[in-house]
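Asks: Here is the input, now give the coordinates:
(3 chains)
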Amino acid sequence: MNAPILVAEHVTKRFGSFTALNDVTCAFHKHQLTAIIGPNGAGKSTFFNVLTGATPASGGKIFFEGRDITSIPQHEYARIGIAKSFQITNVFKQLSAHENVRVAAQMRTARFDFLRARASFKSLIEKADHLLERVGLAAHRNRIASELAHGQQRSLEIAMALASDPTVLLMDEPTAGMSPEETTTMMNLIRKLATERTVILVEHKMKLVMGLCERLIVLHHGELLAEGTPEQIRTNDEVRRVYLGKN
Amino acid sequence: MTKTAQTDFLPRATAFIAKHRVAAVLAFLMIFPLVMPYEALALNILIFGLYAVGFNLLFGYTGLLSFGHAAFFGVGSYLTGIVIIRFGLSWWMAIAVGTACAGLVGLVIGFLAIRTRGIYFSMVTLALGQIVYYAFYKAENWTGGENGLRGITVENFGIFGIQLDILNPLTKYYVLFVFVAAALWLVSRILASPFGAVIESIRENEGRCAACGYDVARAKLLIFVLSSLICGLAGALRALHLSIVPIDSLHYLLSGQAVMMCLLGGMGTFFGPFVGAGVFLYLEDVATVFTTHWMAVVGVIFMLFVLYFPRGIWGTLIHRWQARRVHAGEAR
Amino acid sequence: MAEISFQLLLLQLMTGLALGAIYALLAVGLSLIFGMLTVVNFAHGAFFMVGAFLGVYFLGLTGSFWFSLVLTPLAVGAIGLLCERFLVRPLYGRGIDYPLLLTFGLSYVMIESMRVLFGLEGVPTSVPAELKGVVDLGIGSFPTYRLFLIVATAVIIGALWLFIEKTRYGLIIRAGSRDPEIVRILGVDIARVWLIVFGIGTAIAGLSGLLAAPTRAVNAEMGIPVLAESFVVTVVGGMGSLPGAVVAGLLVGVVFSMTSLFAPEYAELSIFVLMAVVLLVRPQGLFGKAGLMG
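Replies: The predicted structure is shown next:
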C-alpha cells in the first residue's frame, strides 16, 4: 500500500446541537481511487466539505502530505494540490467554457497580473484547450457555460479542477443527475484520472463504486462504519445491515 | 437584400469596435466636443464618463455594488485643489497627488468593506463614504467646509513650442482628454489581463473562484483600489475643470450618480459608462430648463431601467447585435 | 475643559437614548424588511422624511398630535405597500442588487414629490403643546418630548415584539425569515407576507419620521443623512437582528450625544468610526450571525 497522502484525524463537525460527523479517523493513500459511501444523511457531503476546507471542522485535524492543513484558507487548497468538483454544478455561468478552464489554469502563473494581456499567455490557452478535449468538451469551447447541458457542466467542472494540476482530486457525487450514457463516460474519465493521481469520490450509488474503486470508506450516522477493499466491504456484516440490507 | 446587408453590418461593426475598444472610444471622444451644443457639457460628460468607468470596474465587472465612490471622486478633487492652492504644485503634479490620495482612501475603505458581502457591502461603503464627507466638511481650514474649495488656478503651459490656453474650453477638453485616454487604456489593459478574468469570475461565482485557488479578498481589495484610482483621477480632472470643489463632490448622492450612469449605460460594458454619463448629464441639462424637479425625472427613468432594461442602453444594443451573430468568436 | 458633573453626564445619556430611540426604530424597520425579503430598502430615509412631512400635515389637518400619530404610519405604510406590490415585487429572483437599486431611484422620486407638495424650504415644526416643557428626573430637568420619544419607542417596539412572538402572523414572519420555502410548503402566500412586512417596515420608518420631526428641521433632504445613519446602526447591530437593531440604535444615539458633549466637532464622525471598529472586530455585527456575512 502506498503512503497516506490525506489523513483525517478525529474529525468532528457539529451544526448547533446536531453532530454531522463524529470522531472520524481515516487515511487516503497515494494513487488510490477511494470512495466515501454511506446512506443519505450519513455525513458524506459534510466530510467532503471538511476535507476540502469548504466548512471548518469543529474538532480534529486534517493532514496533507504530513502537513496540518486544518485551518488554512479555502484558496490555499488548490495551491497545495487539492482540487474538488462540487455536487451542485459550480461554474462561472456567463463565461465561455474555455474561459472557465483558462481562469482556473492561470492560478499558478498569473494570479494578479493586471497589465499583461491574457492572450500573451499562450501555454494557458493551450492547456485549457487540452483539458476541454480531455473531458470531451472541445466542440463546445466558445459556448457560454450556462448554455451547456447538465452533464457537460459537470465535465467542465472537472476540467477546471484539473487545471490546477492537483495531486488529490475530490469529487462530490460526480454522476448525480446524469443520464446512463453520461454516467458511463464519466466513470471512464474518472478511471483514467485515477491512474495519474489520488482520486476521492463521494457517492451514494453503491453499485457504481464497487467496480470502480480500490478502497471504500463507509460512513453511517456521521461515524466511520467500515473501510476496506470493495470485497471486504461487500462481506462486512455491519455494512450489509445498515446499507446493503436496504437495497 | 438591403436588409440583410444592414443586419450584417451592425454585428460586424460591434465586433470590430469590441476588438479595438480603446481606439473606438477615444475616436468618439475626440469628435465629441465638436458635436455637443457647448463644451462645458462635453467636459462634464468626459469627466463623469471616466468616473463611471472606474465605478464600473467594481460594479459591472466584479459584481460589487459600492455606494461610496463619491469619496474617491471627492478626495481626488479636493487633494488636487489643496496642493495647488496650499503648496503651489503644478497642475499635473496635483493630478498625480489627488489620484494617489484617492487610491489611499480606497485602500482603507476597501480594506474595511471587503470584510462584508452582498448588500452589506453597499451599506458599508455608503457609510464609510460618509465619514470622508463629514471629515472634509469639518476640516474647514483646509477644504472651505460647506462653501467648498475655491481658487484653483491652472497656469498656461506650452507643449512642443505651442502655448496652450487652458481657459479655452476646447483646449481644456483636449488636455483633460489625454488623461482620460491614458486611464481608459489602463482599464482596458486590466480587463484584458489575467486579473481581469479573476474579477469576472468573482462576479460569476465567488466561492468557485476561491476554490480555484484565488485569494478573493485580496483580489477584491486590488480592484477596489484600482477603481478608486480611476475615480480619483476623474475627480482631479473635475477640480481643474471647475477651478472649485463643491462639498457635494463627496456626497453619497454623487456615489449614487455613478451607479445610475453605469446602469443607464450598461454595466459590465466598456463604453456603457460613457453612454450613461452622457444620457444622464444631457437629460439633466435639458430637464433643468423645464423643471426644477429634475431628480424626480431621473428617479423615474432610473426605476424604469432597473425594472425593464437592466442591461442599460449600450448593453441592450450590444446584446441585440451579438444575438444576431451566431456563437462565434469572443462571447463578450 | 470645565468639569462635567455626573448629573450632566446622566442627562446627556438620556438625550442620547432619545436620539437612539429614533435610530432603533429606523433600524428595526430596515432589519424587519431585510430579514424577511433580503431587500435593503435604500428609500428608508425617504420614507422617514415622508413620515415627517405627513406627520406635520396631519397635525395641521386634525389639530391633534395623537391623530397624526395614528394616521401617519398608516399613510406611509400604504405608500410602502404600493411600492412593494408594483415596484419591488417584479424584481424578486433577479439578484439582490436590483431591489436595492430600485429603492434608490424611488428615494429620488419621493424626495422630489415632497418638494413639489410642500415646497423647497420644508415645513416648520414644533413640539406638540401637551408634550412641551420639562420634567424633573431627579438628575435634573429633561425635555418632556424627549422622554416621550423614549417611552413611545419602547411601546412601539414592545408591541412589535408581541406581534412577532405571540401572533400567528408573527410566527409566519419568523419562519419565513429563516426559510421562505417552508412557509410556502405550509400553504401560506409568501408574497402577501412580504407585502405586509414591507408595509410594516415602511410604516415604522414613517412613524419615526413623525416622532423625530419636532426635534429637527423638516425638509426633503432630511432623510439622506438618516439613511446612512440607519445603515450604521444595522451594521453595528447585525443585519436582520431585531434585538441588535434596538441595542445598536441606542448605543449609536448615546455615542453621538456623548461625543457632542466632549468633542462636538466629531459628533457626526463618531458613529461612523464606531461602525468601522465593529467591522474590524466583529464584522457580522454585535448580534449578527456569522453566516449572514459569509
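Asks: For chain A, give me its nearest residue in the stretch 101-250 of chain C.
Replies: C:Arg178 (12.9 Å; CB to the nearest CB). Glycine gets a C-beta too; all of them are placed from N, C-alpha and C.
Asks: For residue 25, list the residues it contacts.
Replies: Went with chain A since none was named. A:8-11, A:60, A:224 (CB atoms under 8 Å, 6 or more residues apart in numbering or on different chains).
Asks: sorry, should have said chain B
Replies: B:Val25 is in contact with B:184, B:270-271, B:274, counting by CB under 8 Å, 6+ apart.
Asks: Tabulate these (CSV), appending secondary structure and distance to chain C.
Replies: Conversion of the contacts of B:Val25 to CSV gives the following (DSSP: H, G, I helix; E, B strand; the rest coil; distance: CB to the nearest CB, whole Å):
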residue, secondary structure, distance to chain C
B:Leu184, helix, 25
B:Phe270, coil, 20
B:Phe271, coil, 21
B:Phe274, helix, 20
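Asks: now that we have these, which one has the most neighbours?
Replies: Most neighbours among the contacts of B:Val25, by other CB atoms under 10 Å in any protein chain shown: B:Phe274, with 27 neighbours.
Asks: Grab the nearest non-local neighbour of it.
Replies: B:Gly49 (3.8 Å; CB to CB, 6 or more residues apart in numbering or on different chains).
Asks: domain parsing for chain A?
Replies: Using automatic domain parsing, the domain ranges for chain A come out as A:1-73+A:186-247, A:82-165.
Asks: Same list (the ones you listed) but as CSV, adding mean pLDDT.
Replies: Output for the domains of chain A, formatted as CSV (pLDDT from 0 to 100):
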stretch, mean pLDDT
domain A:1-73+A:186-247, 87
domain A:82-165, 91
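Asks: Can you tell me which of those domains is nearest to C:Phe231?
Replies: Across the domains of chain A, C:Phe231 has its closest neighbour in domain A:1-73+A:186-247 (28.6 Å, CB to CB).
Asks: Can you give the distance from that closest one to the centre of its chain?
Replies: 11 Å (CA atoms, centre = their mean, to the nearest Å).
Asks: now swap in stretch B:77-92 and tell me
Replies: Distance, centroid of stretch B:77-92 to centroid of chain: 22 Å (CA atoms, centre = their mean).
Asks: that older thread, for the domains of chain A, which one sits closest to B:Arg218?
Replies: domain A:82-165 (7.3 Å).
Asks: How many residues are close by residue 232?
Replies: Just so you know, I chose chain A. Neighbours around A:Gln232, by other CB under 10 Å: 13.
Asks: sorry, should have said chain C
Replies: C:Val232, neighbours per other CB under 10 Å, totals 31.
Asks: element containing it?
Replies: helix C:223-237 (DSSP states H and E).
Asks: From the contact counts, what lies against the longest helix along chain A?
Replies: In terms of residue count, the longest helix belonging to chain A (DSSP state H) is helix A:180-194. If you count contacts as 3 or more CB pairs under 8 Å, 6 or more residues apart in numbering or on different chains; DSSP states H and E, helix A:180-194 packs onto strand A:33-37, helix A:150-162, strand A:198-202.
Asks: The residue of the stretch 101-250 of chain C closest to chain A and chain B, how far apart?
Replies: With the distance defined as CB to the nearest CB, to the nearest Å, C:Arg178 ends up 18 Å from chain B.
Asks: Going by neighbour count, list what's buried in stretch B:77-89.
Replies: B:77-85, B:89 (16 or more other CB atoms under 10 Å in any protein chain shown).
Asks: Give me the angle between the longest helix of chain A and strand A:33-37.
Replies: Here the directions of helix A:180-194 and strand A:33-37 differ by 130 degrees (axes from the mean of the first three to the mean of the last three CA atoms, to 10 degrees).
Asks: Please enumerate residues in contact with helix A:180-194?
Replies: A:31-33, A:134-136, A:151, A:154-155, A:158, A:162, A:169, A:171, A:174-175, A:178, A:199, A:201, A:208, A:212.
Asks: so it versus strand A:198-202, what angle?
Replies: Going by the same axes, to 10 degrees, helix A:180-194 makes 150 degrees with strand A:198-202.
Asks: Spell out which residues of the stretch 101-250 of chain B are next to chain C.
Replies: Within the stretch 101-250 of chain B, the residues that sit near chain C (CB under 8 Å from any CB of the partner chain) are B:112-113, B:115-120, B:122-124, B:126-128, B:130-131, B:134-135, B:138.
Asks: In the stretch 1-150 of chain C, what residue comes closest to chain B?
Replies: C:Tyr108 (3.0 Å).
Asks: partner residues bridging A:Ile62?
Replies: A:Ala8 (DSSP bridges).
Asks: wait, doesn't it sit right on A:Tyr77?
Replies: No. Using CB atoms under 8 Å, A:Ile62 is not in contact with A:Tyr77; the gap is 10.4 Å.
Asks: Which of the two has more residues huddled nearby?
Replies: Under the criterion of other CB under 10 Å, the comparison of A:Ile62 against A:Tyr77 puts A:Tyr77 first, with 26 against 21.
Asks: So that one sits against B:Asp215, correct?
Replies: No. The criterion here is CB under 8 Å, and A:Tyr77 misses it with B:Asp215 at 11.9 Å.
Asks: ranges for the strands of the chain?
Replies: Reading this off chain A. Here chain A has its strands, by DSSP state E, at A:4-15, A:18-29, A:33-37, A:59-64, A:67-68, A:82-85, A:168-172, A:198-202, A:215-220, A:223-228.
Asks: my bad, chain C
Replies: Per DSSP E, chain C carries strands over the ranges C:134-136, C:141-143.
Asks: Any buried residues in stretch B:55-66, and which?
Replies: Neighbour count says stretch B:55-66 has B:55-66 buried, by 16+ other CB under 10 Å.
Asks: is that stretch anywhere near chain A?
Replies: No. Judged by CB under 8 Å from any CB, stretch B:55-66 stays clear of chain A, getting no closer than 10.4 Å.
Asks: Please enumerate residues in contact with that stretch?
Replies: The contact list for stretch B:55-66, computed with CB under 8 Å, 6+ apart, reads B:69, B:113, B:121-122, B:125, B:187, B:190-191, B:196, B:199-200, B:202-204, B:220, B:223-224, B:226-227, B:230-231, B:255, B:258-259, B:261-262, B:266-269, B:272-273, C:97, C:100-101.
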